[in-house]
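Participant: predicted coordinates and the sequence they were generated for:
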Amino acid sequence: MENAVAVIGAGVMGHGIAQLFAQAGSAVRLHDAAERQLASGLSAMEESLALLVEEAVLTPQAAAAARARVRPTTSLDEALAGAGFVVEAIPELLASKLELFDRIEQVVGEDAIVGSNTSTIPISLLAQRARRPERMVIVHFFNPAQLVPLVEVVPHPRMPPAAVERVLEALRRIGKRPVRLRKEVPGFVANRLQAAVVREAFHLVEQGVASLEDIDTVMTEGPGFRWSFVGPVEAADLGGLDTWQRVLDNLAPELSRAERAPAAIRERVARGELGAKTGRGLFDHAASTLAERSRARDRFLVRLEKLKRR
Ligand SMILES: NC(=O)c1ccc[n+]([C@@H]2O[C@H](COP(=O)([O-])OP(=O)(O)OC[C@H]3O[C@@H](n4cnc5c(N)ncnc54)[C@H](O)[C@@H]3O)[C@@H](O)[C@H]2O)c1
């Protein structure tokens, strides 16, 4: 199925997903309803391939071949024709996704797998109108999709085991480390873990314990530094479960139980201060910083992946 892949939506996530399949040798159709988005998705992909060449992950020939395997199109039907695997990455709006799935079902063949990169919508809602729900699956990539290894996989409960295995295999083939969730839950696993950390981070700032800058330093130089190699479960084992029992018994009652986003975020959003994309958010960002910072992040991620695989 992996030989013809259709990626629908060429925004932040779609171009990276298309790039992965193209690097692994698949013919990829990248579709976006907006011509401008398609063009900017392709140029982001070209920049990413150039970075991989600079970092000696790809030869210039392999990068050119990957780019040549991606056929951009604003025609959905053209993108879907003959596709064995479809991954949708359009905005997180259930109505739009349902409408898209209706159209996908009308065009793709019986054997095709239909994947969604949704961040929050459960598979049961995504498949609510599907004639063949058993071929639908959430494949939740992380931004930047072409560089972060994890993909969380939530198959429709009726997806046959062999089809689930095909999906996992396809993801492994493009170099990802898929984790299949055992049941449906809002936010999957990774975003729940991130949300727990972020909630506590803002709680500590509100309590005057640390500045915003300190929070980032504590994470990137402390737990985050270690977590890339030793996960929190193994860290508990290495640290000693007797210690961790005391730590959790003592700390659990102290932790934030906030049920909504913190005031520090709400107030800025209300003022239109959305972060790097508006030049100001929790920190101030110079005009060129977003692109520079993304490039620096991507370079670090490429090098981290190399280090981890060594
Ligand atoms: N951005 C992230 O960090 C991230 C991470 C994981 C998952 N996701 C999920 O991935 C999906 C896409 O997110 P994104 O950040 O790439 O969004 P985005 O807004 O950057 O890109 C979406 C693209 O879809 C196109 N589009 C909209 N409707 C369309 C349609 N009907 N047919 C074809 N193209 C259409 C838009 O023109 C746009 O280019 C969402 O479900 C999101 O929740 C995002």
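Facilitator: Cool, the structure landed.
Participant: which ones are touching A163?
Facilitator: Under the criterion of C-beta atoms under 8 Å, 6 or more residues apart in numbering, the contact partners of A163 comprise I113, E134, R135, V137, P155. Backbone N, C-alpha and C define where each C-beta goes, glycine included.
Participant: the same query, at a cut-off of 7 Å, please.
Facilitator: I113, R135 (C-beta atoms under 7 Å, 6 or more residues apart in numbering).
Participant: now do the SS call for it.
Facilitator: Reduced to three states with DSSP: H, G, I helix; E, B strand; the rest coil, the structure at A163 is helix.
Participant: now do L30
Facilitator: Reduced to three states by three-state DSSP, L30 is strand.
Participant: could you measure from it over to L168?
Facilitator: Using C-beta to C-beta, to the nearest Å, L30 is found at 23 Å from L168.
Participant: between those two, point out the one with more neighbours.
Facilitator: L30 (27 against 19; other C-beta atoms under 10 Å).
Participant: who touches the closest residue to the more buried one other than its chain neighbours in this structure?
Facilitator: If you skip the residues right next to it in sequence, L30 has A18 as its closest partner in space, 4.4 Å away by C-beta to C-beta, 6 or more residues apart in numbering. Listed by C-beta under 7 Å, 6+ apart, the contact set of A18 reads V7, V28, L30, M45, V70.
Participant: so which of those is the most crowded?
Facilitator: Neighbour-wise, the contacts of A18 (other C-beta under 10 Å) top out at V7, 32 neighbours.
Participant: thought that one was touching G16?
Facilitator: No. Counting by C-beta atoms under 7 Å, no contact exists between V7 and G16, whose distance comes to 9.3 Å.
Participant: joint contacts of the two?
Facilitator: Among the neighbours of V7, none is also in contact with G16 (C-beta under 7 Å, 6+ apart).
Participant: what residues does the stretch 1-150 of the chain put near the ligand?
Facilitator: By the rule C-beta under 6 Å from any ligand atom, the part of the stretch 1-150 of the chain lying against the ligand is 8-14, 31-34, 37, 89-92, 96, 100, 117-119, 141, 143.
Participant: so where's the protein shaky on pLDDT?
Facilitator: Under the criterion of pLDDT under 70, the regions of the chain flagged as low confidence span 1-3, 287.
Participant: before we move on, back to that, got CSV for the contacts of A18, with distance to P262 too?
Facilitator: Output for the contacts of A18, formatted as CSV (distance: C-beta to C-beta, whole Å):
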residue, distance to P262
V7, 34
V28, 40
L30, 37
M45, 35
V70, 40
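Participant: looking at those, which is nearest Q128?
Facilitator: For the contacts of A18, the closest approach to Q128 (C-beta to C-beta) belongs to V7, at 22.9 Å.
Participant: surely the closest one is in a helix?
Facilitator: No. Applying three-state DSSP, one finds V7 to be strand, outside a helix.
Participant: quick check: I265 vs R271, distance?
Facilitator: 11 Å.
Participant: swap in Q23?
Facilitator: With C-beta to C-beta as the criterion, Q23 and R271 are 41 Å apart.
Participant: look at E134 and say how many residues are nearby.
Facilitator: Neighbouring residues of E134 were enumerated by other C-beta under 10 Å; the total is 14.
Participant: sec struct for it, please.
Facilitator: The assignment at E134 comes out as helix when based on three-state DSSP.
Participant: can you check the one 10 residues further on too?
Facilitator: Local secondary structure at P144 is given as coil here, using three-state DSSP.
Participant: excluding chain neighbours, what is closest to it?
Facilitator: Nearest in space to P144, with sequence neighbours left out and distances taken as C-beta to C-beta, 6+ apart, is G16 at 5.3 Å.
Participant: thought the one you found was touching V148?
Facilitator: No. In this structure G16 lies outside contact range of V148 using C-beta under 7 Å: 9.0 Å.
Participant: show me which of those two is the more surrounded one.
Facilitator: Each of G16 and V148 had its neighbours counted (other C-beta under 10 Å), and the higher figure belongs to G16 (24 against 17).
Participant: residues touching the more buried one, list them.
Facilitator: Listed by C-beta under 7 Å, 6+ apart, the contact partners of G16 are S48, P144, A145, Q146.
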